[in-house]
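*Asks:* Return atomic coordinates for the entry below.
(3 chains)
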Amino acid sequence: MLRYILKRLMIMLVTLWIIVTLTFILMVSIPGSPFNSERGTNEAVQANLEAHYNLDEPYIIQYLLYLKSIVTFDFGPSIKQPSQTVNDMLGRGFPISFELGIMTIIVAVISGVTLGVFAALKHNNVIDYLAMGFAVLGISIPNFVLATLLIQQLAVNLEIFPVARWLSPAHMILPITALATGPMAIIARLTRSTMLEVLTQDYIKMARAKGLSPWKIIIKHALKNALLPVVTIMGTLLASILTGTFVIEKIFAVPGMGKYFVESINQRDYPVIMGTTVFYSSFLIIMLFLVDIAYGILDPRIKIHKKGGE
Amino acid sequence: MKLANKTPNSSLPPSEVPDEWFTWKEQDRTASEAVSRPSLSYWKDAWRRLVKNKLAMAGLVFLILLVIFAVFGPIFSPYDVNRQDLPNQYQPPSADHWFGTDSAGRDVFTRTWYGARISLFVGLMAALIDFTIGIIYGGISGYKGGRTDNMMMRIIEILYGLPYLLVVILLLVVLGPSLSTIVIALTVTGWVGMARIVRGQVLQIKNFEFILASKSFGTTTSRIIRKNLLPNTMGPIIVQMTLTVPSAIFAEAFLSFLGLGIQAPFASWGVMANDALGAILSGNWWTLFFPAFFISFTMFAFNVLGDGLQDALDPKLRK
Amino acid sequence: MDTILEVKNLHVTFSTYGGTIKAVRGVDFHLNKGETLAIVGESGCGKSVTSNAIMRLIPDPPGKITNGTIVFKDKDLTALPEKTMRSIRGVDISMIFQDPMTALNPTLTIGTQLMEGVRQHHRITSDQAKSKALEMMHLVGIPNPTERLKQYPHQFSGGMRQRIVIAMALICEPELLIADEPTTALDVTIQAQILELFDEIQEATGVSIILITHDLGVVAKIADRIAVMYAGKIIEVGTKREIFYDPQHPYTKGLLKSVPRLDVTGEKLVPIDGTPPDLFSPPKGCPFTARCPFAMEVCDKVYPVTTEQSDTHKVDCWLQDERAKQLLAASAIKQ
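*Replies:* Residues are numbered from 1 along each chain as shown, chains lettered A, B, ... in the order given. Predicted coordinates for the structure are as follows:
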């Protein structure tokens, strides 16, 4: 198990290093970036940037200083809003995005697993077809399309929910629905197919032969095994939810990090783009690492596999 | 000897069985050995199963129609894609403008087919490039094996951990938005999944003893490839390609919606949806509805077709 | 001897896209207390379906018991509600499956899986359940049971896993144990050990065993009586002696000729030609006719009645008819 964790940790660090370096190289290579000398920004910004990035130094020194600033979690100043640093924006925006993301994941996992399990138990029944039809639709409708349709129907036409902003639980329902539908559909499909496979296993038959009640069999024997693959895709789902927050926050005017990020892209505020990318990538890569570890803990077989097989 | 009093139903009591039936029967041994089901070729069998899948066929028909409209739709339209006609802004769908007009008075019907061209182009190009890189990388990795394979797989494992859309966004910021940059950005990380699958298939091929067996029977190479290799390896690759298309279409629409993809006034479904954001509050639903409908249904069609192909092409499910 | 289980005229069908499979077509047999009955036949002959029917574990849909009774200790199992059936499964009747690699849940410890059966059916504390589990581990011969209880299935060898499966089946002290191909997936040396374990357990607990197998070697070791199944019917039943030394049905004879024997020297192995009939539309006469070296016109037309060789030995074959015996004698003279 320790070896497995160490191996995952190594991969995580290398991935982090690659994304950080890639960001630096890309930023150095575009005109108008903070690393480029021909930029036309005002005096105050100029001074901020000079101070932060040591632009007089050669690239290699800049790179090392940049690495240091990232390790110390200092993402530097913004170009467009000289009074603010990227850290200020992250501090304000990220908690809101995090709240949105966490609630989305909870909703997606609970509803997706429930839907998948019921579809599997009612295999080839109307419930199964309805649930899976719903799931394919959920995968196919992009979150930003769903979000705009939800606003139009439920907020503008029927006036059940507020159109935008992030103030009360009522404000949260539409953004979370729009963001959670896709992941929910993916989880539902995966849960259903693994559940169907698990239900044909001999150990399920054995559990029935022991005289266990159907619910006990499903919860104790089937569900845990069926959910293991769901854990493995959690990393990918997290990434898609996170990028999803960009558009959802834009559409619903939620003052989260995604909104700042989109604004910074439109205004070509490179330090903010860079800082946010590095921050989000690190966050995701660490999450991916944690998911891997969780999987190792949940599946007792993995310890042996990794020790013997690798 | 005494007879048991239990008699299985559907049988005459022995006393009523005529004596002349007690003669030896001529046996045709080959009859019981004959295989009753005609053997279908792999592709025919797969096609037969795909046709039976109504949802997948509906998806296929939708996509064929979409391609036809994308190619010919704009030709038959009297309107220019980008020509603005402000007096005629926000016309609801009518005989003149089938899908209505948008905020700049542009014809939504015409723009929808231009958007279809872009979506299909991005989707197909992404699938094709992924396929090419994936075949080469995965092929080399699987074929060489050993340390080369190990190294190449480590690289894949690391790339796999990179947050895909963030990298794409970063690239688009740097390269500047355009159609070709979108395709490049999407394929920079997109090929990883395909390479994994191809490698897995190549490893499988290497272990097929039946290939050696067929060779020793003097089977020609092309026959081996047609009958043995392709059915056993192409299935997952085709399915992966089919499922790459909708995710690329989604990514293009997503990026255009964020303002990073195709730039207005050029039409793409993502751009159209983004333009329509303000319009939904004022009730001009058609400006949003048509691009939203076509993005969703094109992805839906590719998804169900991919699912159908997966079921149809999996030799293990063959019965 | 007391009869513990009596199966009468059992029919089981499966509805599939291609049509209805008549997997079991009128099976009769009984089992005495404390004895081992082996049900022998080729794969697909309906022997596993029969055993699943006794446990009422046939997946419905597509499977269904369409006719017949299964009387276990004066109760007809086919008529019991599912809930009552659940209180019988694992307590009165237990089952062992073919592949110990898949019969254990990979993500639960052996201890959990052993104890959940007793805890389901008896109100006992977890300490009592644990000591019961340890007792069972000891009975089936697993060393270091206390530590082993905390381990997962993948940490055990195939033979050890099968021992655990047996322990799981026996933990509630059932009166009837159904073993479906319990040694097929194991190495030959392990097979012998597991068979020996069955003998020991039967001696210690007095459990009755139905052994489903296609392996006559296994049968020779532990069965008291043998029922031979072919195409959804029991075509011959008798004591081990009667079946091995005085087989009557051509199929039984064929089966015996197709396996090596140590007690008969200088004998050639003869495979049975052909394949069993399609159970979508089984023949109305004897299903073995097409492969039978002694097939007569009558065999195709009418299913033979059951004739008794002795109190214990019964066979379904037209060759038992007087007229067939005359025909055989006439042919012998000609040659």
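*Asks:* give me the element residue B:121 is part of.
*Replies:* Counting by DSSP states H and E, the element that carries residue B:121 is helix B:108-144.
*Asks:* near chain A, which residues of the stretch 101-250 of chain C?
*Replies:* C:102-108, C:116-117, C:120-121, C:152, C:154-155, C:165, C:168-169 (CB under 8 Å from any CB of the partner chain). Where you see a C-beta, it was placed from the backbone N, CA and C, and this is true even at glycine.
*Asks:* Out of those, list just those in helices.
*Replies:* Using DSSP state H to define helices, the subset of those located there is C:102-103, C:116-117, C:120-121, C:165, C:168-169.
*Asks:* Using JSON lines, lay out these together with neighbour count and pLDDT.
*Replies:* JSON lines is the format used below for these (neighbours: other CB atoms under 10 Å in any protein chain shown; pLDDT from 0 to 100):
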{"residue": "C:102", "neighbour count": "19", "pLDDT": "83"}
{"residue": "C:103", "neighbour count": "27", "pLDDT": "86"}
{"residue": "C:116", "neighbour count": "23", "pLDDT": "85"}
{"residue": "C:117", "neighbour count": "29", "pLDDT": "81"}
{"residue": "C:120", "neighbour count": "19", "pLDDT": "80"}
{"residue": "C:121", "neighbour count": "20", "pLDDT": "78"}
{"residue": "C:165", "neighbour count": "28", "pLDDT": "88"}
{"residue": "C:168", "neighbour count": "29", "pLDDT": "86"}
{"residue": "C:169", "neighbour count": "28", "pLDDT": "85"}
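*Asks:* Which pair in these has the greatest spatial separation?
*Replies:* C:102 and C:121 (24.0 Å; CB to CB).
*Asks:* Tell me, how many residues neighbour residue C:128?
*Replies:* Neighbourhood size, residue C:128 [other CB atoms under 10 Å in any protein chain shown]: 14.
*Asks:* which parts of whatever helix or strand it lives in are buried?
*Replies:* Secondary structure from DSSP H and E places residue C:128 in helix C:126-139. Within helix C:126-139, the residues that count as buried by 16 or more other CB atoms under 10 Å in any protein chain shown are C:129-130, C:132-134, C:136-137, C:139.
*Asks:* Next secondary structure element downstream of that helix?
*Replies:* Reading on from helix C:126-139 to the C-terminus, the next helix or strand found by DSSP H and E is helix C:145-148.
*Asks:* buried residues in that following helix?
*Replies:* Quick answer for helix C:145-148 (16+ other CB under 10 Å): C:145, C:148.
*Asks:* backbone phi and psi for residue C:227, please?
*Replies:* phi -120, psi 130 (degrees, to the nearest 10).
*Asks:* hang on, it packs against residue C:237?
*Replies:* Yes - at 4.3 Å, residue C:227 counts as touching residue C:237 under the criterion of CB atoms under 8 Å.
*Asks:* can you list residues touching both of those two?
*Replies:* By the contact definition CB atoms under 8 Å, 6 or more residues apart in numbering or on different chains, residue C:227 and residue C:237 are jointly contacted by residue C:29.
*Asks:* want to throw the buried residues of helix C:126-139 into JSON lines with pLDDT?
*Replies:* Below are the buried residues of helix C:126-139 laid out as JSON lines (pLDDT from 0 to 100):
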{"residue": "C:129", "pLDDT": "84"}
{"residue": "C:130", "pLDDT": "86"}
{"residue": "C:132", "pLDDT": "83"}
{"residue": "C:133", "pLDDT": "85"}
{"residue": "C:134", "pLDDT": "87"}
{"residue": "C:136", "pLDDT": "83"}
{"residue": "C:137", "pLDDT": "85"}
{"residue": "C:139", "pLDDT": "81"}
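*Asks:* doesn't residue B:269 make contact with residue B:261?
*Replies:* No - counting by CB under 8 Å, residue B:261 stays clear of residue B:269, with 10.0 Å between them.
*Asks:* Please tell me how far the closest residue to residue C:184 other than its chain neighbours sits from chain B.
*Replies:* Excluding the flanking residues, the one nearest residue C:184 by CB to CB, 6 or more residues apart in numbering or on different chains is residue C:98, at 5.5 Å. Taken as CB to the nearest CB, to the nearest Å, the spacing of residue C:98 relative to chain B amounts to 20 Å.
*Asks:* Quick one: residues contacting residue C:98.
*Replies:* Residue C:98 neighbours (CB under 8 Å, 6+ apart): A:202, C:180-182, C:184-185.
*Asks:* Can you get me a residue count around the residue of the stretch 101-250 of chain C found nearest chain B?
*Replies:* Chain B sits closest to residue C:233 of the stretch 101-250 of chain C, with a gap of 7.8 Å, by CB to the nearest CB. Counted with other CB under 10 Å, the neighbours of residue C:233 add up to 22.
*Asks:* before we move on, what about the one 10 residues further on?
*Replies:* If you count neighbours by other CB under 10 Å, residue C:243 ends up with 29.
*Asks:* Likewise for the one 4 residues further on?
*Replies:* One way to gauge burial is a neighbour count; for residue C:247, by other CB under 10 Å, it gives 21.
*Asks:* quick check, it in a helix?
*Replies:* No - going by DSSP: H, G, I helix; E, B strand; the rest coil, the assignment for residue C:247 is coil, not a helix.
*Asks:* my read: residue C:108 touches residue A:221, true?
*Replies:* Yes - with contact defined as CB under 8 Å, residue C:108 reaches residue A:221; the gap is 7.4 Å.
*Asks:* Let me see the ranges of the helices in the chain.
*Replies:* You didn't say which chain, so I picked chain A. All helices of chain A, identified by DSSP H, fall at A:2-29, A:43-53, A:59-71, A:86-121, A:126-140, A:143-150, A:169-199, A:202-209, A:214-216, A:224-252, A:257-266, A:270-298, A:301-304.
*Asks:* Not quite, go with chain C.
*Replies:* Under DSSP H, chain C gives helices at C:47-55, C:82-88, C:100-103, C:110-121, C:126-139, C:145-148, C:158-170, C:188-205, C:216-222, C:240-245, C:250-257, C:297-301, C:322-334.
*Asks:* got the residues of the stretch 101-250 of chain A near chain C?
*Replies:* Residues of the stretch 101-250 of chain A lying near chain C (CB under 8 Å from any CB): A:201-203, A:205-213, A:216, A:220-221, A:224-225, A:228.
*Asks:* How about the residues of the stretch 51-200 of chain A by chain B?
*Replies:* Counting by CB under 8 Å from any CB, the residues of the stretch 51-200 of chain A that sit close to chain B are A:136-137, A:139-142, A:144-145, A:148-149, A:151-152, A:156, A:163.
*Asks:* Same list (these) but as CSV, adding pLDDT and neighbour count.
*Replies:* Formatted as CSV, those follow (pLDDT from 0 to 100; neighbours: other CB atoms under 10 Å in any protein chain shown):
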residue, pLDDT, neighbour count
A:136, 86, 19
A:137, 86, 17
A:139, 87, 24
A:140, 87, 23
A:141, 88, 24
A:142, 88, 27
A:144, 86, 27
A:145, 86, 27
A:148, 85, 25
A:149, 83, 19
A:151, 84, 24
A:152, 80, 21
A:156, 77, 16
A:163, 74, 17
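*Asks:* tally of neighbours for residue 110?
*Replies:* With no chain named, the answer covers chain A. 13.
*Asks:* other chain: chain C
*Replies:* Applying other CB under 10 Å, we find 26 residues neighbouring residue C:110.
*Asks:* Would you mind measuring from it to residue C:152?
*Replies:* Distance of residue C:110 to residue C:152, given as CB to CB, to the nearest Å: 7 Å.
*Asks:* likewise residue A:201?
*Replies:* 15 Å.
*Asks:* Please name the residues that touch whichever residue of the stretch 101-250 of chain A sits closest to chain B.
*Replies:* Chain B sits closest to residue A:140 of the stretch 101-250 of chain A, with a gap of 3.7 Å, by CB to the nearest CB. By CB under 8 Å, 6+ apart, the residues touching residue A:140 are B:246, B:296-297, B:299-300, B:303.
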